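*Asks:* give me coordinates for this.
(4 chains)
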Number of protein chains: 4
Amino acid sequence: MRSYEVKNRTNVDEIKSLRLITAIKTPYLPDGRFDLEAYDALVNMQIEDGVEGVIVGGTTGEGQLMSWDEHIMLIGHTVNCFGGSVKVIGNTGSNSTREAIHATEQGFAVGMHAALHINPYYGKTSLEGLISHFESVLPMGPTIIYNVPSRTGQDIPPRVIHRVADNPNLAGVKECVGNDRVEQYTSNGVIVWSGNDDQAHDSRWDYGGTGVISVTSNLVPGLMRELMFEGKNPSLNSKLMPLIEWLFHEPNPIGLNTALAQLGVVRPVFRLPYVPLPLAKRVEFVNIVKDLGRENFIGEKDVKVLNDDEFVLIDRY
Amino acid sequence: MRSYEVKNRTNVDEIKSLRLITAIKTPYLPDGRFDLEAYDALVNMQIEDGVEGVIVGGTTGEGQLMSWDEHIMLIGHTVNCFGGSVKVIGNTGSNSTREAIHATEQGFAVGMHAALHINPYYGKTSLEGLISHFESVLPMGPTIIYNVPSRTGQDIPPRVIHRVADNPNLAGVKECVGNDRVEQYTSNGVIVWSGNDDQAHDSRWDYGGTGVISVTSNLVPGLMRELMFEGKNPSLNSKLMPLIEWLFHEPNPIGLNTALAQLGVVRPVFRLPYVPLPLAKRVEFVNIVKDLGRENFIGEKDVKVLNDDEFVLIDRY
Amino acid sequence: MRSYEVKNRTNVDEIKSLRLITAIKTPYLPDGRFDLEAYDALVNMQIEDGVEGVIVGGTTGEGQLMSWDEHIMLIGHTVNCFGGSVKVIGNTGSNSTREAIHATEQGFAVGMHAALHINPYYGKTSLEGLISHFESVLPMGPTIIYNVPSRTGQDIPPRVIHRVADNPNLAGVKECVGNDRVEQYTSNGVIVWSGNDDQAHDSRWDYGGTGVISVTSNLVPGLMRELMFEGKNPSLNSKLMPLIEWLFHEPNPIGLNTALAQLGVVRPVFRLPYVPLPLAKRVEFVNIVKDLGRENFIGEKDVKVLNDDEFVLIDRY
Amino acid sequence: MRSYEVKNRTNVDEIKSLRLITAIKTPYLPDGRFDLEAYDALVNMQIEDGVEGVIVGGTTGEGQLMSWDEHIMLIGHTVNCFGGSVKVIGNTGSNSTREAIHATEQGFAVGMHAALHINPYYGKTSLEGLISHFESVLPMGPTIIYNVPSRTGQDIPPRVIHRVADNPNLAGVKECVGNDRVEQYTSNGVIVWSGNDDQAHDSRWDYGGTGVISVTSNLVPGLMRELMFEGKNPSLNSKLMPLIEWLFHEPNPIGLNTALAQLGVVRPVFRLPYVPLPLAKRVEFVNIVKDLGRENFIGEKDVKVLNDDEFVLIDRY
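*Replies:* Down below sits the predicted model:
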């Protein structure tokens, strides 16, 4: 099919070798549009601290709150500005096969290096339906499949992955079910990135995982780099746990959004249905930053608690 | 806010009194567009057999596979053709608050009688976020809130419902968590429709439920009418169980789509990621129809097994 | 083709007999969204004063500044609220055949009684292309073709109309080229509405025209009714000329938008690229209203000049 | 305003110095989607033959038949693949100020080097409206304003250009009104590109024009390069006239689309409302190619007449 001829010059092996990928935050202007200047600064800091890839418009980046034209624009923008320094992985998945096909075609057309594909959340489908869904998009370019049943309401079982693994474009799986599942794949030659920051260290060093697609690396990219590259380090892993627990106390990216605003690297603007963490949790974050060391976090401003009225919540944008 | 002035002339009490609402199927032409002629025939049969309301573009009607303009068009079309005979409840919910606001405004503008609102599936949010989300749309008109954690990955706990229940537009809850939860609401004056066909009878007659928002009633509207209106009837309920189990063997609406095609009332066209049930299950359906009686099902053609190659699967439309 | 089966229950003869159709204004809220309450009031006043049809989202109604979903929503809304009292003619034309097909399908699906179709402005095409364009949409329902070369950059010559006139759905032509052209059609059995308010009287009474699709009737529907229904009336026609000249001094709907704001029936909100007429022209309008009689204009408030800073200009909405 | 901070690293002087810009054709697959492989080949040939810039999605490239997401994708794709070798000028203009703002923001975000802006065709506006329209987009990056009254129905008079010329982002004007108008600008320091291939030579060498934004250069880029770069050449200019006249016999891009299909460099697929030139004109083109020399045209296949049934006309895509 001609649409599958959309060019992608990235070798799937380049994707397979990435150890630290950040599910990058999308910052907003006070009217709810993208704050591209802040975004560019965030991506820059990621690159400087050794992050090798970014997921654009993932659940962390709030792809679910974007119109598709915004989403593809952000992928194209990231490629255009940073595509030489970092791998750009567009979250062009959808619970609608049509949307996934359209977005993935467009994403590769504007130069993304790989696609992230979720199974059809909410609407769900049968295992045969899952396979048809993934087979509709795999021919287009390097692909990571994302399994997160706590969001989608449906586990992607290994037999589905094994059915589509014949396609040379399958780079691997972003897996959130746990390290036993990780091992089930890695022992069979399937590349896995942990989708859980609290399990990423063990996944990488004990279960054959290749690396992590991380939320926490938005905040402490250097430490996550150390965790993934410089050998087993349970001490660092333990030191990161309070931050990780704080981040996922409420559904991601609520914690991350709050934290980045407190660090002064993004405006304190939320697109609904996300709202900031309450004051008590914000105070906790200030303490976490002090404990881990401000210098390990991105940005240079003092970390602040912020008042409730400093946050802007947007429902139309 | 002016947007909240969008007119709706339907009294919320008219919604609260509905006992049988069908989550209506959306049929397709071979190129994947809506088959409005078949749709109109389906809605007609529903009305003739005593169904009082339809959910347009629910998960059963595959709202998740529609573009928003298609979705609003279908709501407007249903109002225009059938709004005098049946309550039209638009599934204008979304995991994006912006989308939910926009679609709900448009849905009420084209005359829908009530909105169905889901919590933000997949992206999820905090309880405060849930409340903000629902409060963004409740002022616009009569509203049913839909709780289905097996799809959304997140339960709406009763305290969220109680927080928003002050709004006079809250008609009630479509609840899929079970009849204990139903009773928790009904004993506190909150109207509930069962979202599980297998529990609807007991919900209605033993747990204070008002009625059902049904998938099964697409097929056997008259029997579902009997079940909801004519008193406790465990015998009829039991007779329906094999059909209901068959329908939900795979994620809905896979079973329903297959069944309606086999009954000859819709073309055998599937929008991906949905694919038909396999041959063995289709044979089962033919037997179920015989057992329950062809005359209890909609349509007048003989029920068929259909060959695999009679189904059309569409990925671009 | 199945799409052509979209239902329309309006007989084309009902469209052919309309003498007074208003190209209705779309009023806005201060954030640029539709002000449906003001819109409904405008349509109501039209109906009360004897207008028989409205063009929804014409150039006067600024269809060119709408997204298609807004546009179809407004058509559906008008049908839903007023479809029993006035013929709703959706301007579902476009310079893109795809868009025209999609919008026309949707417009008929939500109940519009007829479509208005323009030739492909700006992009233009050959005469064979024009014919293909119109033949793509004519099968869907009653259709008025609109010729306004001063906007489109291309005249629709009579031979194109005669080529498509075989289609029973062609209700007639909205013609702006002048009354000689009108006569060319009417002497050959083609129904014509004048698209020029200054020529409408003569078109109707001297050149065989059926009626007018009017901008001026937004302001003085009763007088336009008199002009179209109650016999030749050069005196009334002359009395209206200063108003008509004032209205079209700048490209329509700049004058109309300004006038309706001055009459207090819509908020003084403009979507760019439209800006209000300058102060001197607004003073002129106050005098025109006095000369013609405030009671002949819609609304009940005193006509005002308005200050420049009372107008709101919107670029994002 | 923050949106104006969208980055563009192209100096406006780089745009001002371009002499040969092609309004590049958009080729299609048989289902009406973009044929990116053919597109890339076309752009490659342009670059090889000395073209310095391309207009993406101009009227020639049928931007008017694209959805905005397709349009922005094509801009991003062109930047991503060829942005280092050719200036990418996105036609992000619209008759809707909102659309123009949105598209221009997105176009610069994905890396386009300059924007082409038309005045509001079809809807038209007052001179003050024109100025507001252009002032809404000029702050975003280098801009060429396009005047083509035969398409828009409204001339942009020099006083409008002079009013907005203070903005340092105004690179210049693409002017179709004629060489007297060109001179009016060039004698006042405004950069002008001829928008008429038949006048481009004289514009360049006799009226102070900087260069041409050309349709003809799609076919004979090398000859157009010669015409713009290598001194006055009335003989070459005359030799090109039969081709140019043939190309513009019907509204552009009908001739160009037909010619490129005959040269075998694009599939013979037309999006309606465009249809191919008739057989007799196609025979003429074969002769024109022979007269000018096949080697001066792009592509390497023999030029063909093509049968009517070899063309594919698409109305839904």
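*Asks:* give me the low-pLDDT residue ranges for the stretch 1-150 of chain A?
*Replies:* For the stretch 1-150 of chain A, the stretches flagged by pLDDT under 70 are A:1-8.
*Asks:* residue ranges for the helices of it, please.
*Replies:* A:12-16, A:36-48, A:68-82, A:97-109, A:127-137, A:149-152 (DSSP state H, counting those that start in this stretch).
*Asks:* do the stretch 201-317 of chain A as well
*Replies:* Going by DSSP H, counting those that start in this stretch, the stretch 201-317 of chain A shows helices at A:221-229, A:234-247, A:254-262, A:279-292.
*Asks:* single out the most deeply packed of the ones you listed.
*Replies:* Mean neighbour count (mean count of other C-beta atoms under 10 Å in any protein chain shown) peaks for helix A:254-262 among those, with a mean of 25. Backbone N, C-alpha and C define where each C-beta goes, glycine included.
*Asks:* please point out which parts of stretch A:33-49 sit buried.
*Replies:* By neighbour count with 16 or more other C-beta atoms under 10 Å in any protein chain shown, stretch A:33-49 contains the buried residues A:33-36, A:38-43, A:45-47, A:49.
*Asks:* is chain B contacted by it?
*Replies:* No: judged by C-beta under 8 Å from any C-beta of the partner chain, stretch A:33-49 makes no contact with chain B; its nearest approach is 11.8 Å.
*Asks:* likewise for stretch A:178-197?
*Replies:* No: counting by C-beta under 8 Å from any C-beta, chain B has no neighbours in stretch A:178-197; the shortest distance is 14.0 Å.
*Asks:* gap between the two ends of that stretch?
*Replies:* With C-alpha to C-alpha, to the nearest Å as the measure, stretch A:178-197 spans 11 Å from end to end.
*Asks:* pull out the buried positions in that stretch.
*Replies:* For stretch A:178-197, the neighbour count (16+ other C-beta under 10 Å) marks A:179, A:181-186, A:190-197 as buried.
*Asks:* what sits against the closest residue to residue A:212 other than its chain neighbours?
*Replies:* Using C-beta to C-beta, 6 or more residues apart in numbering or on different chains and skipping residues adjacent in sequence, the residue nearest residue A:212 is residue A:200, 3.8 Å away. By C-beta atoms under 8 Å, 6 or more residues apart in numbering or on different chains, the residues touching residue A:200 are A:194, A:209, A:211, A:212, A:214, A:224, A:227, A:228.
*Asks:* please, which helix or strand holds residue A:200?
*Replies:* For residue A:200, the host element (DSSP states H and E) is helix A:197-206.
*Asks:* which parts of that helix are buried?
*Replies:* Residues of helix A:197-206 classed as buried: A:197, A:198, A:199, A:200, A:201, A:202, A:203, A:204, A:205 (neighbour count, 16+ other C-beta under 10 Å).
*Asks:* separation between the fourth one and chain C?
*Replies:* It stands for residue A:200. Separation of residue A:200 from chain C (C-beta to the nearest C-beta, to the nearest Å) stands at 41 Å.
*Asks:* farthest pair in the contacts of residue A:200?
*Replies:* Comparing all pairs in the contacts of residue A:200 by C-beta to C-beta, the longest separation belongs to A:209 and A:224, at 13.6 Å.
*Asks:* which single residue in the stretch 1-150 of chain A comes nearest to chain C?
*Replies:* Nearest residue of the stretch 1-150 of chain A to chain C (C-beta to the nearest C-beta) works out as residue A:31 at 7.9 Å.
*Asks:* wait, that residue touches residue A:315, no?
*Replies:* No: counting by C-beta atoms under 8 Å, residue A:31 stays clear of residue A:315, with 11.7 Å between them.
*Asks:* what is the burial count for the nearest residue to residue A:62 once chain neighbours are set aside?
*Replies:* The shortest distance from residue A:62 to any non-neighbouring residue, by C-beta to C-beta, 6+ apart, is to residue A:26 (5.4 Å). Residues within reach of residue A:26, counting by other C-beta atoms under 10 Å in any protein chain shown, total 26.
*Asks:* what does the stretch 51-200 of chain A put close to chain B?
*Replies:* Residues of the stretch 51-200 of chain A lying near chain B by C-beta under 8 Å from any C-beta: A:59, A:62, A:64-65, A:95-98, A:101-102, A:118, A:120-126, A:128-130, A:132-133, A:136, A:149-154.
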